[in-house]
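*Asks:* Coordinates for the following, if possible.
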Amino acid sequence: MTRLCRTSTRNSRAWLLLGLLASQGCASNTVNPPARTATSEPSAGSRAQRHLAEGLRFARAGDLVRAEQYLASAWRSHGQDPRILRSLLHVCIAASRLGAAATYARAYLLTHPHAWQLRYVLASVELALTRTDEAKQELRHVVEDAPDHAEAYYLLATLAPDARAPSAATRELYDHYLALAPNGPHAYEARSFLRMQPEPEAQR
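*Replies:* Coordinates of the predicted model:
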């Protein structure tokens, strides 16, 4: 029973993350093979395109293990093409291979540190893996690069260690969320939480 519950929770997180990928424009099931560059060797380019086609075919057939293998090969061969990465992450999350998804995302962010949409997906993956500190670090980067990203502020507020008696900094995160998304999906929770919490002594 315990194993079944854990599997169910893991699958639920995977479906939530798939929805997140779609909302961030990161869940395309179909990508066109990248155009071969002038510097690419024909044999290497052809092999990479075959791997991409095979990866997408296995994904459609539900063979997610092989799909990941082929897509990962194609992604590396094409200089970490973000279009292939979208399908690769989709496959990993659908297969509940969240650790692998995080690894691919971090590798891309090393050379594209301001890809904040992907960084937000990575933060959500880290949360699903119960890596709270890593998730908070990624979310802080998100709000630096995308200060209008309401959901990032809300997640940061809920992850604060002083959630039961929030500090001024935590309350500010909730206020940021409400300012950006006054009718957002978490607006009721944010307002209710702030109403129930006394203001810090320093603000009285």
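*Asks:* helix or strand for the residue sitting nearest the centre point of the chain, which one?
*Replies:* Central residue of the chain (C-alpha atoms, centre = their mean): residue 121, 1.1 Å from the mean position. Per DSSP states H and E, residue 121 falls inside helix 116-128.
*Asks:* can you pull the buried residues of stretch 131-138?
*Replies:* Residues of stretch 131-138 classed as buried: 131, 134-136, 138 (neighbour count, 16 or more other C-beta atoms under 10 Å). C-betas here are computed from N, CA, C, even on glycine.
*Asks:* who are the neighbours in contact with the nearest residue to residue 102 once chain neighbours are set aside?
*Replies:* In space, and not counting its chain neighbours, residue 102 is closest to residue 125: 4.9 Å by C-beta to C-beta, 6 or more residues apart in numbering. Residue 125 sits next to 17, 93, 98, 101-102, 105 when contact means C-beta atoms under 8 Å, 6 or more residues apart in numbering.
*Asks:* got the angle for whichever helix or strand residue 133 is part of vs helix 116-128?
*Replies:* Secondary structure from DSSP H and E places residue 133 in helix 132-145. Interaxial angle, helix 132-145 versus helix 116-128 (axes from the mean of the first three to the mean of the last three C-alpha atoms, to 10 degrees): 160 degrees.
*Asks:* Could you measure from residue 134 over to residue 123?
*Replies:* 8 Å (C-beta to C-beta, to the nearest Å).
*Asks:* do the same with residue 85
*Replies:* 16 Å.
*Asks:* the more surrounded of those two?
*Replies:* Counted by other C-beta atoms under 10 Å, residue 85 and residue 123 do not tie: residue 123 has more neighbours, with 28 against 24.
*Asks:* Spatially nearest residue to the more buried one, not counting backbone neighbours?
*Replies:* Using C-beta to C-beta, 6+ apart, the nearest residue to residue 123 is residue 138, at 3.8 Å.
*Asks:* same deal with residue 178?
*Replies:* Nearest non-adjacent residue to residue 178 (C-beta to C-beta, 6+ apart): residue 190, at 5.4 Å.
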